[in-house]
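J.: pasted the sequence and its predicted model underneath.
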Amino acid sequence: MAAYWDEALMQRALAMPSILAIGDSWFWYPFPGGSLISHLAPIVDKKEHTILAQGMNGAEAFDYVEGKYKDRIIGALRRYGSSLSAVFISGGGNDFAGFNDMRPLLNLDCTGAATAAECFRAGDGGLGRFLERMDEHYRRLIGLIYTHTSLDCVIVMHSYDYAIPDGRGVAGKAGWLKPALIDAGVPEHLQRDCVRHLIDALHSMLANIAAGDPRHLLIVDSRGALEESEWANELHPKGKGFKKIARQRWKPVLEAAGLA
């Protein structure tokens, strides 16, 4: 298994990445059981691939193209782009997770809502504009990857899974989803549907992007993969959950692309 979250450590090992993984905590999750990359590494290792991860826990899609990780990602693409077989991207989850990110997407008062869709704001500050920003960030990142890699390089994106807004955070802290739903007055029976609505909207956005170049832009649809007991908290699967998603959802896509 060869996956590195530290480029200097990779270089000291005289290793060269053939897969660049640009991502958030689904690629960097530091707790026992590991992250998604921890379980993808042995799958692609069968084809002798080495993964180098860029990004960090809490990374937002904006960070990859304009924010704190932009220079690091561009540097890695310049150094290794010509020899990359694939780039994995995990982004968008942190852009709506957290009170300050999710609350503006919801209406001021959702107590009378009958469906999840009715809970989300329309207009400039609403869900539609949020998805437009995500689309822009992804397309800019994909453009950077295109210009630094060969025609044989594929880009693999994913749509997370239907997180459960039960208030569980990390180390006793509050969760990222439920506080905003409560503040907006979303009825209890619609709170999970609101998260599903968000994840489905993100998936549709990614599918629309991938339709422009289906040969090089691949999507792993991991929605509905996990049982409730396989979540560690509101945003992250347990180790066995990441392993399940890697094996059941990512592996077939990677095998079809010749990466596993």
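T.: Looks like it arrived, so ask away.
J.: which residues in this protein form helices?
T.: Under the criterion DSSP state H, the chain contains helices at 7-12, 25-28, 36-45, 61-65, 70-80, 93-96, 99-102, 127-148, 178-183, 188-210, 239-245, 251-256.
J.: and the last one, average pLDDT?
T.: This points to helix 251-256. Averaging the model's pLDDT scores along helix 251-256 yields 98.
J.: buried stuff in that helix?
T.: Taking 16 or more other CB atoms under 10 Å as the basis for neighbour counts, the residues of helix 251-256 that come out buried are 251, 253-254. No exception for glycine: its C-beta is placed from N, CA and C like everyone else's.
J.: residue most distant from the centroid, this structure?
T.: In the chain, the greatest distance from the average C-alpha position (CA atoms, centre = their mean) is reached by Gly112, at 31.9 Å.
J.: any idea how far Lys244 is from that residue?
T.: Using CB to CB, to the nearest Å, we find Gly112 at a distance of 38 Å from Lys244.
J.: tally of neighbours for Thr50?
T.: Look at Thr50: counted by other CB atoms under 10 Å, it has 19 neighbours.
J.: likewise for the one 3 residues further on?
T.: Using other CB under 10 Å, Ala53 has 25 neighbouring residues.
J.: now Leu226
T.: When counting by other CB under 10 Å, one arrives at 21 neighbours for Leu226.
J.: ok, it - contacts?
T.: Taking CB atoms under 8 Å, 6 or more residues apart in numbering as the definition of contact, the neighbours of Leu226 are 161-162, 237, 241, 244-245.
J.: 7 Å - rerun?
T.: If you count contacts by CB atoms under 7 Å, 6 or more residues apart in numbering, Leu226 has them with 161, 237, 241, 244.
J.: got it, and Gly34?
T.: When contacts are counted by CB under 7 Å, 6+ apart, Gly34 is found next to 239, 242.
J.: I figured Lys46 hits Ala260, correct?
T.: Yes: contact status for Lys46 versus Ala260: in contact at 6.0 Å, counting by CB atoms under 7 Å.
J.: looking at the two, which one has more neighbours?
T.: A direct count of neighbours by other CB under 10 Å for Lys46 and Ala260 places Ala260 higher, at 19 against 11.
J.: not counting its neighbours along the chain, what's nearest the more buried one?
T.: Of all residues beyond its chain neighbours, the one nearest Ala260 is Leu254 (3.8 Å), with distances taken as CB to CB, 6 or more residues apart in numbering.
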